[in-house]
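A.B. asks: Any chance you can model this:
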Amino acid sequence: MSHLIQRDIILMRKRYDEALSMQGIEVMYQFPNLASSNHQGEPVIDSYSPEQKTFIFFEGNPKVKTFKRYGWVVENDKELPFLVHCSFNLPNVQKDSIFKIGGQYAEIPSRTFRVTEISYDLQAPDHIVCQVIPVYDEQYVGRTDGETKSTFSSSHHFLNSYEDYRGNVYTTNQDIGVKK
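C.D. replies: Residues are numbered from 1 along each chain as shown. Predicted coordinates:
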């Protein structure tokens, strides 16, 4: 095991950042603001940060050996999650952060990936490795604070009085004059 001192690891991180900017894929990155979870462990995220441009290495077909090297347990080698290698200096990398990867050479719409687990190499922590999964329902992922306020500021997003959750109008006993 190597014994790196502080100046060496800072130099390695700068070299990795340079390699990312020269060879990496340009993506849009967002992290959750005040991320929390419910009683079932599912993420509860109100809003995301504004998008920021960064570079990553995307591993679309990782090997089981790669997962074992980072300490992750995999059940089978047929359906492995994707891996994203990003800068150690990327701010607020955490579970449920999202990476939007666009078509580099064609007009393909961007794909959104959500981070499920994070790790790094203990011997030389020069970059962060994230397990990511694709997000298929993109209308709920990646809203900033401003978008959330403008979307849910009007009353037509909430239930009106005398409407149930299906939108059916109902009357109460008080409306038709029935006394108890």
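A.B. asks: Please state the offset of stretch 92-102 from the chain centre?
C.D. replies: Going by CA atoms, centre = their mean, to the nearest Å, the spacing between the C-alpha centre of stretch 92-102 and its chain's C-alpha centre is 4 Å.
A.B. asks: Let me know the average pLDDT across it.
C.D. replies: The pLDDT scores in stretch 92-102 average 89.
A.B. asks: gap between the two ends of that stretch?
C.D. replies: Using CA to CA, to the nearest Å, the end-to-end distance of stretch 92-102 comes out at 22 Å.
A.B. asks: Would you mark the buried spots in it?
C.D. replies: Burial within stretch 92-102, assessed by neighbour count using 16 or more other CB atoms under 10 Å, is assigned to 93, 95-101. (Each C-beta comes from the backbone N, C-alpha and C, glycine too.)
A.B. asks: Please apply the same query to stretch 58-76.
C.D. replies: With burial defined by 16+ other CB under 10 Å, the residues of stretch 58-76 counted as buried are 58-59, 62, 67, 70, 72, 74.
A.B. asks: where are the low-confidence patches of this structure?
C.D. replies: Applying pLDDT under 70 to the predicted model, the residue ranges of the chain that meet it are 1-5, 104-106, 138-167, 170, 172-180.
A.B. asks: For it, just list every one of the strands.
C.D. replies: Defined through DSSP state E, the strands belonging to the chain, from first to last, are 25-30, 32-33, 36-37, 43-44, 47-48, 52-59, 82-87, 98-101, 111-119, 127-134.
A.B. asks: between these, which one is nearest to Gln6?
C.D. replies: With respect to Gln6, and counting by CB to CB, the nearest of the strands of the chain is strand 127-134 at 16.9 Å.
A.B. asks: Send me that closest one as PDB with only the CA atoms.
C.D. replies: Listed in PDB are the C-alpha atoms of strand 127-134, where the atom choice follows Å, rounded to 0.1, in the frame of the first residue of the first chain:
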ATOM      1  CA  HIS A 127     -11.300  10.700  -8.200                       C
ATOM      2  CA  ILE A 128     -14.700   9.600  -7.100                       C
ATOM      3  CA  VAL A 129     -16.500   6.600  -8.600                       C
ATOM      4  CA  CYS A 130     -20.400   6.600  -8.600                       C
ATOM      5  CA  GLN A 131     -22.800   3.800  -9.400                       C
ATOM      6  CA  VAL A 132     -25.500   5.400 -11.500                       C
ATOM      7  CA  ILE A 133     -28.800   4.100 -12.900                       C
ATOM      8  CA  PRO A 134     -30.900   5.700 -15.700                       C
END
